[in-house]
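Undergrad: missing the sequence, but the structure's below:
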Ligand code: NAD
């Protein structure tokens, strides 16, 4: 790996385009998932820092940022996209070191981050209202206004992508942002905030307060100065965020993960399907909200699929970012314990471990290593079939026919993403339309999906849509102006 770039995070909290020490003066060590050792520190922001950040954001809304024409906002975001591309090597190294993911994944994440700013930079001046036919003598028009000051809380799994996914549409729509990134991994968002200032974003339009969820995060969600909240993370914290939003009578979007199924019919092209299925559970060590973590297979081909996946899983290998293998370490000792807990309970309940991948020889001892695991058949009611493990663990379940496939696909509290694999186009579409999920792929699966594609949950996976033009709508509120001209 390249030399680790200077750590900007130690500089404190980023408010009004400047670093300042966190008010309480405390820091949080940043551990490398690959060896478990501290290699940096971030500021532990508290309510006082959140207050200052919200005040700076409000001042931006009332100042240059709030008055800026949409096309100029778009130009700044486009410049940021180019700066991200120019600094891609440094950002990818930082992202990989911070999260433990393979370099190729970190590079792809930085490309995606730049794409968010390219897409929404181009979209800023294309967001408009409409006119509505009404009574004679009236002219009615709608316009989309920014909410104002948006609180944004993101998780540790894709810090760079999550930064782009949330701040790019929020800023494009004209909001000011106060972000609380995850304490486990936030070095890239902190560096990206510096680049945003370099791109010309006015003071206060984007502020970052790193810190603990229960301190900085809770202070942000409870802040009476916010106009909107965007949260990505666990359903448990999502509930707290929504309750806080309700107390302040503001809207929020929640992206809370999933238990996304691959539905494989007997007529599917298994040569095309199985490599994708294996890849989408080990991507990011399974720590992806839209990971394909349930594999539903028509009974007639269940054994054949098991045989081929057992072979594949046996070769999947975890290693350091610079080893650049199939997956890296998981984010923390806590996350490793959580995943191992699911696996040992599955073992105790007699569920067969069909295959297990490897950890590369020579990987540092203190790393948070979890080899990929394939389990099956998993009973539909078991927690391995229903709950989000957030690790490289794939649960296989057989189904009997089309109706059973739909029932099984919907047999979870989550509804984020799904894939249907079949050569029968009519059936694939029929099944796709019956699955309760925000995104359904047919004969493909893009964990995370494209920047252009509206993405978000049904059921316990949350509500609101990110990505695509829909995200711009989420970050605006609609005003209707009714003129009686006689
Ligand atoms: P989490 O929900 O605790 O953390 C997500 C973000 O919320 C972080 O920035 C965190 O600091 C913040 N946060 C935590 N407590 C808060 C509070 N009281 N108020 C406001 N903000 C708060 O998630 P986690 O503990 O890191 O992971 C636990 C599980 O959540 C994972 O195993 C996984 O199942 C799920 N998860 C889902 C996603 C996703 O992309 N949907 C991302 C991360 C984790």
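TA: Good, I have the coordinates. Just so we're clear, the structure is a prediction, and the values are computed from it rather than from any experiment.
Undergrad: quick one: low-confidence ranges for the chain?
TA: 1-10, 447-448 (pLDDT under 70).
Undergrad: pull the longest helix from the chain.
TA: helix 103-123 (DSSP state H).
Undergrad: residue numbers of the chain in contact with the ligand?
TA: For the chain, the residues found near the ligand under the criterion C-beta under 6 Å from any ligand atom are 153-157, 180, 182-183, 213-214, 217-218, 221, 232-234, 237, 240-241, 255-257, 289, 335, 338, 388, 390. The way it works is simple: take the backbone N, C-alpha and C, and place the C-beta from them, glycine included.
Undergrad: quick check on these: which are buried?
TA: 153-157, 180, 182-183, 213, 217-218, 221, 232-233, 237, 240-241, 255-257, 289, 335, 338, 388, 390 (16 or more other C-beta atoms under 10 Å).
Undergrad: show me those that map onto helices.
TA: Counting by DSSP H, those place 218, 221, 237, 240, 241, 335, 338 in helices.
Undergrad: and the host helix or strand of residue 165, what does it pack onto?
TA: Taking DSSP states H and E as the criterion, residue 165 maps to helix 159-172. When contacts are defined as 3 or more C-beta pairs under 8 Å, 6 or more residues apart in numbering; DSSP states H and E, helix 159-172 packs onto helix 70-86, helix 88-99, helix 103-123, strand 149-153, strand 176-180, helix 187-198, strand 228-232, helix 468-474.
Undergrad: how about 7 Å then?
TA: If contacts are counted by 3 or more C-beta pairs under 7 Å, 6 or more residues apart in numbering; DSSP states H and E, helix 159-172 sits against helix 70-86, helix 88-99, helix 103-123, strand 149-153, strand 176-180, helix 187-198, helix 468-474.
Undergrad: quick one: contacts of the fourth one?
TA: So that's strand 149-153. With contacts defined as C-beta atoms under 7 Å, 6 or more residues apart in numbering, strand 149-153 is touched by 54, 57-58, 61, 166-167, 170, 175-180, 217, 220-221, 223, 225-231, 233, 241, 475.
Undergrad: which residue does the stretch 51-200 of the chain bring closest to the ligand?
TA: residue 155 (3.3 Å; C-beta to the nearest ligand atom).
Undergrad: coming back round to it: what residues of the longest helix of the chain count as buried?
TA: Buried, per 16+ other C-beta under 10 Å, within helix 103-123: 103, 105-110, 112-121, 123.
Undergrad: quick check, central residue of the protein?
TA: By C-alpha atoms, centre = their mean, the mean C-alpha position of the chain lies nearest to residue 162, the distance being 5.1 Å.
Undergrad: next up, the contacts around that one.
TA: 154, 155, 232.
Undergrad: please tell me how far residue 430 sits from residue 411.
TA: 18 Å (C-beta to C-beta, to the nearest Å).
Undergrad: surely residue 79 and residue 197 touch.
TA: No: Residue 79 lies out of contact with residue 197 (C-beta atoms under 7 Å); the separation is 11.2 Å.
Undergrad: residues contacting the residue of the stretch 51-200 of the chain closest to the ligand?
TA: 162, 182, 232, 233.
Undergrad: and the last one, backbone torsions?
TA: Here is the backbone geometry of residue 233 (degrees, to the nearest 10): phi 160, psi -150.
Undergrad: so how far is residue 213 from the residue nearest to it when sequence neighbours are not counted?
TA: Leaving aside its sequence neighbours, residue 233 sits nearest to residue 155 (C-beta to C-beta, 6 or more residues apart in numbering; 4.6 Å). Distance, residue 155 to residue 213, using C-beta to C-beta: 10 Å.
Undergrad: residue 47 too?
TA: 13 Å.
Undergrad: and what of residue 366?
TA: Distance of residue 366 to residue 213, computed by C-beta to C-beta: 24 Å.
Undergrad: is it true that residue 187 touches residue 98?
TA: Yes: counting by C-beta under 7 Å, residue 98 is a contact partner of residue 187 at 4.7 Å.
Undergrad: tell me which of those two has more neighbours.
TA: Relative neighbour count places residue 98 above the other of residue 187 and residue 98, with 31 against 27, counting by other C-beta atoms under 10 Å.
Undergrad: quick check: the more buried one touching residue 182?
TA: No: contact criterion C-beta under 7 Å: residue 98 and residue 182 do not qualify, at 10.0 Å.
Undergrad: which neighbours do these two have in common?
TA: Overlap of the contact sets of residue 98 and residue 182 (by C-beta under 7 Å, 6+ apart) consists of residue 159.
Undergrad: residue contacts, the nearest residue to residue 192 once chain neighbours are set aside?
TA: In space, and not counting its chain neighbours, residue 192 is closest to residue 163: 5.3 Å by C-beta to C-beta, 6+ apart. Applying C-beta under 7 Å, 6+ apart, we find residue 163 in contact with 113, 154, 188, 189, 192.
Undergrad: the first one contacts residue 158, doesn't it?
TA: Read that as residue 113. No: in this structure, residue 113 is not within contact of residue 158 by C-beta under 7 Å, at 9.0 Å.
Undergrad: got a list of contacts for stretch 116-128?
TA: By C-beta under 7 Å, 6+ apart, the surrounding residues in contact with stretch 116-128 are 70-71, 73-74, 77-78, 80-81, 84, 144, 164-165, 168-169, 172-173, 451-452, 469, 472, 476.
Undergrad: on the C-terminal side of the longest helix of the chain, identify the next helix or strand.
TA: strand 131-132.
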